[in-house]
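Asker: show me the folded form of this:
(one chain, ligands or ions: 3)
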Amino acid sequence: MIAYNSQRVAYPYFVVALFLFALQVILGLWLAINYAFGLPQSIVDVFPFSTARAFHTNLLVLWMLLGFMGGTYFMVPEETRSELFSTKLAYIQLILLVGAGVAALVGFLFGWNQGRPLLEIPFELDLVIVVGALIFLFNVGVTMIRAKNWTVIQGTLLGGLIFLALLYLFGIPFYKNLSIDWYYWWWVIHLWVEGAWELVTGAIIAWILLQITGVNRQVVEKWLYIVIGLFLFTGIAGTGHHYYWLGAPRYWLWIGGIFSALEPVPIIFMMWDTYRNVKERQKPITNPIVWTLAVGLAIYHFIGAGLWGFLHTLPQINYYTHGSQVTVSHGHMAFFGAYALLNLTIFYYAFPRLKGIGRFNQNLGYWGFWITGIAMFLMGLAFGVAGVLQSYLERFLGMGYMTTQLTMQLWFKIVIFFGVCFLIGVIIIIYDLLRMRPAAPETA
Ligand code: HEM
Ligand code: HEM
Ligand SMILES: [Fe+2]
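Answerer: Ligands and ions are numbered 1, 2, ... in the order given. Here you go, the predicted structure:
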């Protein structure tokens, strides 16, 4: 059921990604326990909150990138109509990246850590990541160049991946001036999720929709141009919404406020575009769960990133909510809505094909989608209430930090409850994907 043999390299990428996803969520629960109950000093000495948080967020980035890379290896042969340049390189790359990931986690336990959130991994391991990324870009780039079947989807994907890799470089040096250090830190964090990753999402989703709906490629590609142009236009200047309070010039209040407030526009376009593709489909639906996930992605992307981002992006509001649990609420809903669902869409499209399965029972997939989707939404709301309490009591009324934390604990307990529900949903999805077997041959 796959057209090219080399597409198989995607499978180990997906399996590792799923395993790391589960681990990430378990650490999320652990973090919430830290907030909801507090911990005895003996545990904090060995496994402090900051280390657990570094585990949670680095695992997040690693599994999502592995998912995107596997997804790229899965789609590039079909899109270029040629085998991958080298499957061997793809396996070496996977081993390098997973090796760096494991070394990073073990290192964190012993304080081998650069300290900057999300980019904690030490310089030496950064170099391994860079080598892994170069192998990846080389492999994908050479495949595309040799095949000479350029399409807008391929160009966008390759462009997004190169942009993604280049930005990572800005997070490697450490600047003694902390304002400057954070300035570039945001080039990685913000320009990743609100720039490069959006291009990758645009390309992958356009491709999957093209496959499952059979709509006109020219129309899909025309829209891709518009959406990407808008993402870059609003997202690059929108970086300013992180420069309000870190010592950058005052004009960022204006630039950041105006451009980031426009960032929901391309997301709305993307949602509308998905809707249109679904409506104008040319084929019967053979794999409805992929369909549901893609539509879910479009809507959740809008809620988590567009709406929840917009709520605190203007400086007048961000002044109170900056760095509070309001940010955490948005961070969860946006990452889940856009990038976790993108990965799940890729997995549910690719797994049956990699396993040579035509039709399969989709019930568990639906359960997984609805449980994780609803649990994450309610968990996000609980973080949000904690964040509004925090902003109001601490920033507006000027209450002490710890006093405020005590009033928030109830909401962290609620986070734990929905977090457990979320974990159950994740386990269902992993079980469903791994267990998927070819159905008995149909008798005519
Ligand atoms: C899928 C896209 C997005 C993802 C994954 C995402 C994720 C995140 C994360 C994880 C943070 C916290 C970073 C940190 O301080 O550690 C953050 C901060 C922020 N995001 Fe997003 N975001 C997305 C899109 C957007 C959009 C479109 C907007 C605006 C409309 C937005 C507005 C903000 C703002 C204002 C902050 C800073 C909050 C603060 O001052 O503490 N985000 N985002
Ligand atoms: C059981 C599920 C989960 C729980 C209970 C949980 C809990 C937490 C907690 C307590 C934090 C620390 C917030 C802080 O520093 O104040 C955190 C950070 C974070 N989590 Fe989760 N998490 C879960 C799942 C996830 C998932 C599935 C994603 C992504 C799709 C995710 C993305 C993040 C991000 C991006 C941050 C950093 C937020 C920021 O910088 O503002 N988490 N999580
Ligand atoms: Fe941002």
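Asker: need the contact list for the residue in the stretch 151-300 of the chain positioned nearest to ligand 2.
Answerer: Ranked by Cβ to the nearest ligand atom, the top residue of the stretch 151-300 of the chain for proximity to ligand 2 is residue 189, at 8.6 Å. No exception for glycine: its C-beta is placed from N, CA and C like everyone else's. If you count contacts by Cβ atoms under 8 Å, 6 or more residues apart in numbering, residue 189 has them with 118-119, 242.
Asker: helix or strand for it, which one?
Answerer: Under the criterion of DSSP states H and E, residue 189 resides in helix 178-191.
Asker: how about residue 289?
Answerer: Take DSSP H and E as the rule and residue 289 turns out to sit in helix 288-301.
Asker: now swap in residue 220 and tell me
Answerer: In the assignment (DSSP H and E), residue 220 maps to helix 217-238.
Asker: what sits up against that helix?
Answerer: Around helix 217-238, the neighbours that count as contacts under Cβ under 8 Å, 6+ apart are 151-153, 156, 190-191, 194-195, 198-199, 202-203, 206, 209-210, 255-256, 259-260, 262-263, 265-266, 269-270, 273, 277.
Asker: picking that back up, the helix holding residue 289 - contacts with which helices or strands?
Answerer: If contacts are counted by 3 or more Cβ pairs under 8 Å, 6 or more residues apart in numbering; DSSP states H and E, helix 288-301 sits against helix 197-213, helix 264-279, helix 341-354, helix 363-390.
Asker: does ligand 2 have contacts with it?
Answerer: No - where contact is defined by Cβ under 6 Å from any ligand atom, no part of helix 288-301 touches ligand 2; the two come within 10.7 Å at best.
Asker: report the angle between the axes of that helix and helix 197-213?
Answerer: Comparing the axes of helix 288-301 and helix 197-213 via axes from the mean of the first three to the mean of the last three Cα atoms, to 10 degrees yields an angle of 150 degrees.
Asker: quick check: buried residues in helix 288-301?
Answerer: Of the residues in helix 288-301, those scored as buried under the neighbour-count criterion (16 or more other Cβ atoms under 10 Å) are 289-298, 300-301.
Asker: just the C-alpha atoms of stretch 36-52, please, in CSV.
Answerer: What follows is the C-alpha trace of stretch 36-52 in CSV, where atoms were taken according to Å, rounded to 0.1, in the frame of the first residue of the first chain:
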residue,chain,number,x,y,z
ALA,A,36,-0.9,21.2,43.3
PHE,A,37,0.6,19.6,46.4
GLY,A,38,4.2,20.7,46.8
LEU,A,39,6.9,18.1,47.4
PRO,A,40,9.3,17.2,50.3
GLN,A,41,12.7,18.8,50.0
SER,A,42,14.4,15.3,49.7
ILE,A,43,12.6,14.8,46.3
VAL,A,44,13.2,18.4,45.2
ASP,A,45,17.0,17.9,45.8
VAL,A,46,17.1,15.0,43.5
PHE,A,47,14.6,15.9,40.8
PRO,A,48,13.7,19.6,41.0
PHE,A,49,10.8,21.3,39.1
SER,A,50,13.2,22.9,36.7
THR,A,51,14.7,19.5,35.6
ALA,A,52,11.2,17.9,35.3
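Asker: sorry, back to before: determine which of the helices and strands packed on helix 288-301 approaches ligand 1 most closely.
Answerer: Across those, the minimum distance to ligand 1, taken as Cβ to the nearest ligand atom, is reached by helix 264-279, at 5.5 Å.
Asker: give me the low-pLDDT residue ranges for the stretch 301-444 of the chain?
Answerer: Residues of the stretch 301-444 of the chain that meet the criterion pLDDT under 70 lie in 439-444.
Asker: which bits of it sit near ligand 1?
Answerer: With Cβ under 6 Å from any ligand atom as the criterion, the stretch 301-444 of the chain comes near ligand 1 at residues 305-306, 309-310, 312-313, 318, 322-323, 327, 330-331, 334-335, 338.
Asker: once you drop chain neighbours, what's closest to the residue of the stretch 301-444 of the chain found nearest ligand 2?
Answerer: The stretch 301-444 of the chain approaches ligand 2 most closely through residue 419 (3.0 Å), counting by Cβ to the nearest ligand atom. Counting by Cβ to Cβ, 6 or more residues apart in numbering, the nearest residue to residue 419 once its immediate chain neighbours are dropped is residue 29, at 4.9 Å.
Asker: the one you found against residue 420, yeah?
Answerer: Yes - counting by Cβ atoms under 8 Å, residue 29 sits close enough to residue 420 to count as a contact (6.9 Å).
Asker: residue of the stretch 201-350 of the chain nearest ligand 1, please.
Answerer: Residue nearest to ligand 1 within the stretch 201-350 of the chain: residue 309 (2.3 Å; Cβ to the nearest ligand atom).
Asker: quick check: which element contains that residue?
Answerer: Element membership for residue 309, per DSSP H and E: helix 308-311.
Asker: do residue 286 as well
Answerer: Secondary structure from DSSP H and E places residue 286 outside every helix and strand.
Asker: quick one: it and residue 360 touch, right?
Answerer: No - in terms of Cβ under 8 Å, residue 286 does not count as a neighbour of residue 360; the distance is 10.5 Å.
Asker: and the angle for the helix holding residue 289 with helix 341-354?
Answerer: For the pair helix 288-301 and helix 341-354, the angle between their directions (the same axes, to 10 degrees) equals 170 degrees.
Asker: and stretch 156-165 with ligand 1, contact?
Answerer: No - contact between stretch 156-165 and ligand 1, assessed by Cβ under 6 Å from any ligand atom, is absent, since the two come no nearer than 13.4 Å.
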